[in-house]
Structures are given as C-alpha cells and as structure tokens.
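In: structure of the sequence below:
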Amino acid sequence: MISFHNLKQYKKILLLFLFILFISSLLAPLIKIASDTLVPQSTLVTDLLNYKHGSYDFGKVMRRIILGVAILIIFLFRKPLMINSLSTIGIKHTTGWWEHLQMGFFLSTGIFILYTSFLFITGTKILQVDAKSLGDLFFQLFKILLIAGLVGCIEEIFFRGFIFQSFLRNMHTVSAVCASSLFYSLLHFFKVKLLVSPGFQPFIGFEVIYQSFANLLINFNTIMPTIIGIFLVGVVLSYACLRTNSLYFAIGLHTGWIVLIKTNILLFDHVGTNLGWLFGDSKVVTGVLVWGLLIVTLFLVRLVTKTTSCETVSYGKISIKKQYLFGKESIR
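Out: Residues are numbered from 1 along each chain as shown. Presented below is the predicted three-dimensional model:
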C-alpha cells in the first residue's frame, strides 16, 4: 500500500486540495449558523457579504473557510510536505532581499504605468476619480498599498513558496513553472456567488464547491483570455523566484501589480472599444497588449537579476549543474 509520505509531491498537493475542499464543506453549515447571527448585527459583515433583503453571499464566506482550512492542513502536514522552516518556502534573510523587493515593485509598477498611459492617450481609459475628497483619496491609496502588500506576501508564500516548489521536486523546471502557473490561474475562477437566507443548510458547502467547478467549466471559453493573462503572471513570478532564490522579488512584483490595478479602478474608468482583443477590459490581463508586456517583463527580470539560483561545480572531469531553490539543494 502506497503511503502519503511516499507519493510524489505534486500528487500530495492534489490530494490535499481535495481534502481541504471536503473538510471545508463539512464545516460550512456550522460556520453558516454563526454567519446568520453576525450578518444582521455587524455593519462590517453586512457590507462584506452584501447582505440585502434577508440574504447574503455565502460564496465569500466559503472562500475564507477554504483559506483557513488550507492554512491549518498545510501546518499539520508540514513534515510530509517537507516544510521545515520559513527558509524552506523562500522567506529568509539574504543579502539584497530589500533591494529585490524594491526592484520587483518598481519594475511591475513601471510597466503598468506605461500600459495605463497608453490606454489613457488612446482614450480607452478616462480619468474618473472615485473619492469624496483629497483626504479620502490618500486614505484609499494607503489602504490599497496595505492590502496589496498583504495579499502579495500571502499569495507568493502559498503559490510560489509552497505550490511551485512542491512541483519542482518531481518535475523539470519548465513543467513545474507551467503546471503551478496554470493551477494559480484556474484557482482565481474557483469561486461562485451564492445567495443564501438564514437557516441550517447541511449541504451548503458541497453546493458551493459544485457550483464553483460548474462555473469554471461552463464559462471556460469566456474566461479563457483572463486565464491566459494570469497564467503569464504566474510564469513571471515563478521565474523571478528562480532567478533570485527567494520570494522577495516576486512579492515586490505581485504587490506592485495589485497596487496599480486597484489604483486604476480608483482613478480611471475603462471605456470599451472595438480593439478589446488588444487593450483588454477592466480585468486588465485579458488583452494581447498586456500579454506582450508580461513577456517583456519576463526578459526584464532576467536582465535586472543575477543568476543566484544555480552554480556550476566540477567533480574531477564531470561538470554538474547544482540548483539551489529556497534553501534546498538538488542536482539536475
């Protein structure tokens, strides 16, 4: 009988993903009871879950349940998953980590400002500030920066520090980059808006999971451009990790993109054009122009970083390429 410990790393990830969904579905009815109580009493929860006319979006609750269960499961299975410390997933004190963080942030924001400027000049975006006052504008910008840093850090630890590195253990580098980036892209669409009314619903968790899979399959052709765009984002972020042997450059890139995307929503309104295939839509990553800029970013990452992820050493007459990724040494 094959044990969990002996499975290849990417198979462990798949099994854990299904296990997380199953546990989350079992917990969902109990958490819904608590949500039913909180929603009418808390203004914050009411706004967060769009509580109107006696119903609210349980899909948002379910996404948070899945996140919490995922963190708990990964912590409990950290030994068979070979997560020994923060350095294992790329969070470690290395020379130049702050420079990598800044470099990533300014590179992503610079490319995005170039993209936004082009769309503004061509009339695809128009200035429309969504703020009540100058003070409100600065407050919203500060909130965007704070949220972007938090989301960028969490997602990079999970997707590049854990998922990507797990795939690297049993796959060639290119295959690991593609597989982890596709997983990263598809998970962005594993969600659904499901309105519920107060009351015990024993299968609500399984219903949300089913609807999420159905939504992904039914709307696959519609969301394909966005899937491609986010896939390319994942490729750039994975490559940044490989080039720097840590997560800091990727966190900087990710944070910069989130800041500019949310700032664009705050400051500009996207106007539809006949060249939607080129410029994309309000989701940003759907157009050929952005895909091209992401590919350019890939080359810029190579240009501005030094290869710290690998070195060539000689053993007698044999030259072996040793790859170091996030503190683990492997010979390929």
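
In: this structure: strands as residue ranges?
Out: For the chain, the strands identified by DSSP state E occupy 56-57, 125-127, 195-196, 268-270, 310-315, 318-325, 328-331, in order along the chain.

In: mean pLDDT lowest where, among those strands?
Out: Lowest mean pLDDT within those: strand 310-315, a mean of 32.

In: name the helices or strands packed onto the longest helix anywhere in the chain?
Out: For the chain, the helix that runs over the most residues, judged by DSSP state H, is helix 9-38. Secondary structure elements in contact with helix 9-38, counted by 3 or more C-beta pairs under 8 Å, 6 or more residues apart in numbering; DSSP states H and E, are helix 58-76, helix 165-170, helix 204-218. C-beta: built from backbone N, CA, C; applies to glycine.

In: which positions within that helix qualify as buried?
Out: Neighbour counts over helix 9-38 (16 or more other C-beta atoms under 10 Å) mark 9-10, 12-13, 16-17, 20-21, 23-25, 27-28, 31-32, 35-36 as buried.

In: run the angle between that helix and helix 204-218 for me.
Out: Angle, helix 9-38 to helix 204-218, by axes from the mean of the first three to the mean of the last three C-alpha atoms, to 10 degrees: 120 degrees.

In: export the helices and strands packed on helix 9-38 to CSV and tack on mean pLDDT?
Out: Formatted as CSV, the helices and strands packed on helix 9-38 follow (pLDDT from 0 to 100):
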stretch, mean pLDDT
helix 58-76, 91
helix 165-170, 87
helix 204-218, 94
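
In: which of the ones you listed is buried the deepest?
Out: Most buried of the helices and strands packed on helix 9-38 by mean neighbour count (mean count of other C-beta atoms under 10 Å) is helix 165-170; its value is a mean of 21.

In: show me where pLDDT drops low in the stretch 151-300 of the chain?
Out: Low-confidence segments of the stretch 151-300 of the chain (pLDDT under 70): 272-274.

In: which among the helices and strands packed on helix 9-38 is found nearest to Ile251?
Out: helix 165-170 (14.8 Å; C-beta to C-beta).

In: and the gap between the closest residue in space to Glu155 that isn't next to it in sequence and Ile121?
Out: With C-beta to C-beta, 6 or more residues apart in numbering as the criterion, Glu155 has its nearest non-adjacent residue at 6.3 Å, and that residue is His254. Distance of His254 to Ile121, computed by C-beta to C-beta, to the nearest Å: 27 Å.

In: who has more neighbours out of the two?
Out: A count of neighbours by other C-beta atoms under 10 Å puts His254 above the other of His254 and Ile121, at 28 against 9.
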